[in-house]
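>>> give me the fold of what follows.
(one chain, ligands or ions: 2)
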Amino acid sequence: MNILVLGSGAREHAIAKALSESELADALFVAPGNGGTSAVAENIALDPEDAAAVLDFARNHNVGLVVIGPEAPLVAGVADELREAGIAVFGPDRGGAMLEGSKEFAKRFMEVNQIPTAAYAAFEALEPALAYIREQGAPIVVKADGLAAGKGVVVAETLEDAEEAVRACFNGAFGDAGAKVVIEECMRGPECSMLSFVTNGRSFPMAPSQDHKRAYDGDTGPNTGGMGVYSPVPIVTDDEMATMVDIMARAAAATGADGEAHDYRGTLYGGFMLTEDGPKIVEFNVRFGDPETQVVLPRLKSDLGHVMLAVAEGRADDIDLDWADDWAVGVVLAAEGYPGSYPKGDVILGIEEAEEMPGVTVYHAGTTHNADGELVTNGGRVLTVVGTGPSFEEARDLAYEACEKINFRGKQLRHDIGLKALRGRSSWE
Ligand code: AMP
Ligand code: GLY
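Residues are numbered from 1 along each chain as shown. Ligands and ions are numbered 1, 2, ... in the order given. A predicted model of the protein is given here:
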């Protein structure tokens with residue numbers, strides 16, 4: 001079967017690499033892809049949000065399965081158009097994608113289905129929002145309702161900060177995404193994610209993972225798309241794990257019944273906070289996480305092509321996941337200045353040497369080849385360097401050893417990925 005993956009990050013490189021090893025895959029395409037996906041698939045210059053162009057390509061190249069990586073094409077309804085044309089799609093339709101595309105929709109979904117989450121209220125005008133904040137007091141969380149590329153959330157420690165965040169939203173700081181504002185109770189506790197394959201109202205969870213969102217060591221600096229990750233998460237207790245699995249199952253069941261988020265076929269991402277009252281949902285995403293995918297998929301021993309096609313075709317009974325019981329730690333190498341402005345076009349050296357180390361895989365994000373055929377930087381997050389091993393320490397040491405072998409001008413990385421997990425739960429509180 002010919003397969004098309006939409007997206008250009010390290011997440012899509014991890015998906016494409018696993019699919020390239022699938023017995024199901026004949027031709028494999030990634031659109032638009034990056035400097036790493038071209039080694040495992042054919043890169044296609046297509047805009048993933050242009051449904052007509054994607055459909056055209058799929059028809060002309062006899063594509064039997066389309067895997068949608070990022071949220072934007074899902075929210076834009078690309079899955080709907082492909083499905084209507086009879087092509088199997090891994091990724092929810094527009095209705096399901098509302099779980100990420102509208103925070104208010106997601107909160108209502110959780111309320112109706114009794115999924116534990118922070119208390120909330122939603123507003124479309126400034127004055128009632130300000131009155132609510134003053135009544136609730138700080139700390140309090142202010143979110144733009146729509147997609148804001150991860151920048152629409154302010155955890156406000158003071159009333160002044162909260163009021164400023166609400167004003168910014170209504171003043172258009174996030175465009176249409178901020179026309180509605182969701183205000184939430186501030187939860188406390190360690191965060192982790194659980195990805196789950198969802199189809200036909202059933203959930204097939206993957207191991208928990210944990211992202212590191214801040215740019216610099218010690219969780220300081222600005223928020224980023226994610227600077228490092230590991231899986232599984234040793235601080236999660238058996239009870240918490242059971243609750244998380246149950247929450248994902250209830251969410252999956254509701255995607256079958258709810259009507260608005262119906263017939264969900266893809267990955268559901270549960271972002272959890274492990275509060276004193278048990279795990280609660282911070283947010284749902286409707287796709288694989290980045291960088292979470294880079295440490296979760298390498299541990300999947302089952303054939304990803306078969307799993308994704310079964311999800312896409314609603315054949316829940318055919319899904320059987322087999323996982324390796326090793327550990328994986330991923331460190332993101334970013335360009336100098338990220339998440340602010342950064343240079344492009346710097347030559348990247350040492351990836352082959354790093355990948356010669358058993359247990360090391362390097363996933364590309366912001367990379368491309370220049371006119372001379374050299375691999376160069378082409379984005380803020382450049383690579384995710386993953387080490388896998390029989391213990392957390394070995395996986396982590398391997399990832400960092402591999403990072404040292406890779407060089408480009410201004411290479412930026414965090415040195416403390418996974419340290420908190422190694423130090424145990426008490427270091428979180
Ligand atoms: P998001 O962009 O929705 O992933 O939110 C970004 C970050 O804001 C999350 O990873 C949390 O650290 C934090 N956050 C979001 N909602 C809450 C909440 N209700 N209480 C505490 N922190 C939150
Ligand atoms: N790592 C967070 C996300 O993918 O949304």
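>>> residues near the nearest residue to Ala334 once chain neighbours are set aside, how many?
Counting by Cβ to Cβ, 6 or more residues apart in numbering, the nearest residue to Ala334 once its immediate chain neighbours are dropped is Gln412, at 4.4 Å. For every residue, glycine as well, the C-beta is placed using N, CA and C. For Gln412, the count of nearby residues is 19 (other Cβ atoms under 10 Å).
>>> next one: Thr220
For Thr220, using other Cβ under 10 Å, the count is 9.
>>> could I get the pLDDT score of Gly150?
Note on Gly150: pLDDT of 64.
>>> residues of this structure that sit close to ligand 1?
118, 141, 150, 153, 155, 184-187, 191, 271, 282-283 (Cβ under 6 Å from any ligand atom).
>>> change it to 5 Å
118, 141, 153, 155, 184, 186-187, 282-283 (Cβ under 5 Å from any ligand atom).
>>> and these, which two are furthest apart?
Cys186 and Glu283 (14.1 Å; Cβ to Cβ).
>>> more neighbours: the two, which one.
The neighbour comparison of Cys186 against Glu283 (other Cβ under 10 Å) goes to Glu283, with 18 against 14.
>>> for that one, give the beta-bridge partners.
Per DSSP bridges, the residues bridged to Glu283 are Gly271.
>>> Val385 too?
For Val385, the beta-bridge partners under DSSP bridges are Val331, Val362.
>>> check it and give its pLDDT.
As predicted, Val385 sits at a pLDDT of 98.
>>> which residues does it contact?
330-333, 354, 360, 362-363, 399, 402-403, 406 (Cβ atoms under 8 Å, 6 or more residues apart in numbering).
>>> low-confidence regions, the stretch 151-300 of the chain specifically.
Scanning the stretch 151-300 of the chain for pLDDT under 70 picks out 178, 257-262.
>>> can you report how many residues neighbour the nearest residue to Ala125 once chain neighbours are set aside?
Computed as Cβ to Cβ, 6+ apart, the closest residue to Ala125 that is not its neighbour in sequence is Phe170, at 7.7 Å. Counted with other Cβ under 10 Å, the neighbours of Phe170 add up to 20.
>>> distance of Phe170 relative to ligand 2?
25 Å (Cβ to the nearest ligand atom, to the nearest Å).
>>> same question for Asp93.
Counting by Cβ to the nearest ligand atom, the gap from Asp93 to ligand 2 is 20 Å.
>>> coming back round to it: quick one: which of the contacts of Val385 is most hemmed in?
Counting by other Cβ under 10 Å, top hit in the contacts of Val385: Gly330 with 36 neighbours.
>>> that one contacts Leu297, doesn't it?
No. Applying Cβ atoms under 8 Å, one finds Gly330 not in contact with Leu297, separated by 10.9 Å.
>>> which non-adjacent residue is nearest the closest residue to ligand 2 within the stretch 151-300 of the chain?
Using Cβ to the nearest ligand atom, the closest approach of the stretch 151-300 of the chain to ligand 2 is made by Gly289 at 3.4 Å. In space, and not counting its chain neighbours, Gly289 is closest to Tyr269: 5.2 Å by Cβ to Cβ, 6+ apart.
>>> export the helix or strand where that neighbour lies as CSV, just CAs?
Using DSSP states H and E, Tyr269 falls within strand 266-275. These are the backbone C-alpha positions of strand 266-275, laid out as CSV (Å, rounded to 0.1, in the frame of the first residue of the first chain):
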residue,chain,number,x,y,z
GLY,A,266,-6.3,8.7,15.3
THR,A,267,-4.2,9.5,18.3
LEU,A,268,-5.7,11.2,21.3
TYR,A,269,-3.1,13.0,23.5
GLY,A,270,-4.0,13.4,27.2
GLY,A,271,-2.0,16.1,28.9
PHE,A,272,-2.2,15.2,32.6
MET,A,273,-1.4,16.9,35.9
LEU,A,274,-0.8,14.5,38.8
THR,A,275,-2.7,16.5,41.5
